[in-house]
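> Pasting a predicted model and its sequence here:
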Amino acid sequence: MRRFFLAYLVPTLLAFTLSARAEVTLLEPSRVFDGRDLHENWIVMVSDETILYAGPRGKAPAVAVDDTRDLAGQTLMPGLIEGHSHVLLHPYSETPWNDQVLKESEAERVVRAVNHARDSLFAGVTTMRDLGSEGAGYADVAVRDAINGGLIPGPRLIVAGRAIVATGSYGPKGFHEGVDVPLGAETADGYDDLVRVVRSQIGRNIDFVKVYADYRWGPEGTAAPTFSLEELKTIVDTARSSGRSVAAHASTAEAMRRAVLAGVETIEHGDGATADVLRLMKKHGVALCPTLAAGDAISQYRGWEKGTNPEPKRITRKRESFQAALDSGVAICFGGDVGVYPHGDNVRELEMMVDYGMEVRDVLHAATAGNAKLFHLSQTLGSVKSGMLADLISVRGNPAEDVSALREVYLVMKDGVIYMPPQVPGAY
């Protein structure tokens, strides 16, 4: 009996000892931005997929180190959390939105999405909230699962699936009534229909619900509210019962007001926000995702020569509305609507947030710990501290002084796995 016990116990203890000895990576940057504050002469130790230690070298635990990365002159910080993307879209200057929805096969769009996910990861984005497949069904769910399963590299995706629109409001448009046109989102109206559609989308394993609270269906194509307050409450209540949140596309003050009162967690775009609406948003803890870069890109696609021509009224109004949001104290989400402009150019939104009046440190916080809190991820992501998932990036220079330093990504780590962007010498 004793011999049997030892024969069983020794290999078991040996296996446990080997498995318990996790590989440790030591990162030695010049400074660390922890999601809120900047620290000089910190080191970070990573064990498997988590951060073992972050702080002064003299207080580090005495453990064997397997891999040391000298990051002199660089800033180590949490991986960026992109708050508004469309991984299944590519720039409208390449192909108009209508043609992407109507003419590109789902297979082609998924192939593009694989490249888009990789490009965003190499740009330092380790988590990305995707705001709808825009006519590609639940392909975003499949791309998310392929990334999570290790089939392709990319940020961890938080996806909305098809999104929800009111009948008659969304595109593509411009066809006679005899043509059955596939839409860029799923229609639903009234209590019963909305409950059914929200539950159906939840059943396809989306992470949150996106609703278009307004759209360009008013007279002469002006934006106007789509759903009533009661309809929006139905969407929110149904989603919330499954533990999911709701994000609302809204650019008019009335649509924003209805969405906030209904209980959405973020307002996307928000161009027409009034002082009253912003106060309401702050009262209810609703964040604004301003998507500055999308409007900037679309204006240039339409002929604006930035830096040469005067700003279009649309851009001037956007500057003013963003400044009003800052002054109101509303939480600001980093999310540029990437896909309207190239994936991998995610930092463009952060640069514009600074240009439009937001303090650099606040921008860095929004892109890391801020978005982690908004998306209910702050227990595991968005900060550099012991016990958090090892989603980290190292950039040349100091982004707390110049946010454009975020374009100089040297190293990306996601779940403790290191990815070297292709522009880095010796990258794979």
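Here it is on my side, so go on.

> Which helix or strand contains Ile202?
Using DSSP states H and E, Ile202 maps to helix 190-203.

> and the helix or strand just after that helix, what does it pack onto?
For helix 190-203, the following helix or strand on the C-terminal side (DSSP H and E) is strand 209-212. The criterion is 3 or more CB pairs under 8 Å, 6 or more residues apart in numbering; DSSP states H and E, and the helices and strands that strand 209-212 contacts are strand 164-165, helix 190-203, helix 229-240, strand 246-250. C-beta: built from backbone N, CA, C; applies to glycine.

> What strands flank whatever helix or strand comes next after strand 209-212, and is each parallel or antiparallel?
The element immediately downstream of strand 209-212 (helix or strand, assigned by DSSP H and E) is strand 214-215. Paired neighbours of strand 214-215 in the sheet (DSSP bridges): strand 224-225 (antiparallel).

> What are the contacting residues of the strand it pairs with?
Strand 224-225 has contacts (CB atoms under 8 Å, 6 or more residues apart in numbering) with 213-215, 217-218, 252, 254-255, 258.

> Neighbour-wise, which one of those leads?
Tallying neighbours with other CB atoms under 10 Å puts Ala213 at the head of these, with 32 neighbours.

> Next, the contact list for it, please.
Contacts were defined as CB under 8 Å, 6+ apart; by that measure Ala213 touches 225-227, 232, 248-250, 255-256, 258-259, 264.

> Need those in a markdown table (columns: distance to Glu177 and pLDDT).
Converted to a markdown table, the contacts of Ala213 look like this (distance: CB to CB, whole Å; pLDDT from 0 to 100):
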| residue | distance to Glu177 | pLDDT |
| --- | --- | --- |
| Pro225 | 24 | 98 |
| Thr226 | 20 | 98 |
| Phe227 | 23 | 98 |
| Leu232 | 28 | 98 |
| Ala248 | 29 | 98 |
| His249 | 26 | 98 |
| Ala250 | 29 | 98 |
| Ala255 | 27 | 98 |
| Met256 | 32 | 98 |
| Arg258 | 30 | 98 |
| Ala259 | 31 | 98 |
| Val264 | 33 | 98 |
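
> Reformat the residues you listed as TSV; add distance to Lys313.
Output for the contacts of Ala213, formatted as TSV (distance: CB to CB, whole Å):
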residue	distance to Lys313
Pro225	23
Thr226	25
Phe227	28
Leu232	30
Ala248	25
His249	21
Ala250	20
Ala255	21
Met256	20
Arg258	26
Ala259	25
Val264	28
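
> Can you go through those residues and name the buried ones?
Taking 16 or more other CB atoms under 10 Å as the criterion, what is buried in those is 225-227, 232, 248-250, 255-256, 258-259, 264.

> Just name the closest of the residues you listed to Arg279, please.
Set against Arg279, the nearest of the buried ones among the contacts of Ala213 by CB to CB is Met256 (11.6 Å).

> Closest to Glu106 out of the contacts of strand 224-225?
Tyr215 (23.5 Å).

> From Lys233, how far out is the closest residue to the closest one other than its chain neighbours?
The shortest distance from Tyr215 to any non-neighbouring residue, by CB to CB, 6 or more residues apart in numbering, is to Ser169 (4.4 Å). Ser169 is 18 Å from Lys233, where distance means CB to CB, to the nearest Å.

> Neighbour count: these two, which is higher?
Using other CB under 10 Å, the more surrounded residue of Ser169 and Lys233 is Ser169, with 21 against 17.

> give me the element that one is part of.
Of the helices and strands defined by DSSP H and E, none includes Ser169.

> Quick check: pLDDT value at Asp119.
Looking at Asp119, its pLDDT stands at 98.

> could we number from 616 for the rest of this?
Sure, I'll start counting at 616 from here, so that last one is Asp734.

> From Pro1036, how far off is it?
Distance, Asp734 to Pro1036, by CB to CB: 10 Å.

> cool, Arg724 as well?
24 Å.

> Looking at the two now, which is surrounded by more residues?
Higher neighbour count among Arg724 and Pro1036: Arg724, with 24 against 19, using other CB under 10 Å.

> Do I have it right that the more buried one meets Ala754?
Yes: applying CB atoms under 8 Å as the test, Arg724 and Ala754 come out as touching, 6.5 Å apart.

> okay, and the common contacts of the two?
Counting by CB under 8 Å, 6+ apart, the shared contacts of Arg724 and Ala754 are Leu703.

> low-scoring pLDDT stretches of the stretch 616-765 of the chain, where are they?
Counting by pLDDT under 70, the stretch 616-765 of the chain contains low-confidence ranges at 616-636.

> can you check the stretch 816-965 of the chain too?
Judged by pLDDT under 70, no stretch of the stretch 816-965 of the chain qualifies at all.

> which residues of it fall in helices?
With helices called from DSSP state H, counting those that start in this stretch, the stretch 816-965 of the chain shows them at 844-855, 868-877, 890-899, 907-916, 928-943, 962-970.

> Next, the buried residues of the shortest one.
By neighbour count with 16+ other CB under 10 Å, helix 962-970 contains the buried residues 962-969.

> Can you lay out those residues as a markdown table showing distance to Gly1012?
Below are the buried residues of helix 962-970 laid out as a markdown table (distance: CB to CB, whole Å):
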| residue | distance to Gly1012 |
| --- | --- |
| Val962 | 13 |
| Arg963 | 17 |
| Glu964 | 19 |
| Leu965 | 14 |
| Glu966 | 14 |
| Met967 | 19 |
| Met968 | 18 |
| Val969 | 15 |
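
> which of those lies closest to Gly698?
Glu964 (8.9 Å).

> From Gly950, how far off is the closest one?
As judged by CB to CB, Glu964 and Gly950 stand 7 Å apart.

> Common neighbours of those two, please.
Thr906.

> what about the strands in the stretch 666-815 of the chain?
For the stretch 666-815 of the chain, the strands defined by DSSP state E, counting those that start in this stretch cover 682-693, 695-700, 740-745, 771-774, 779-780, 801-802.
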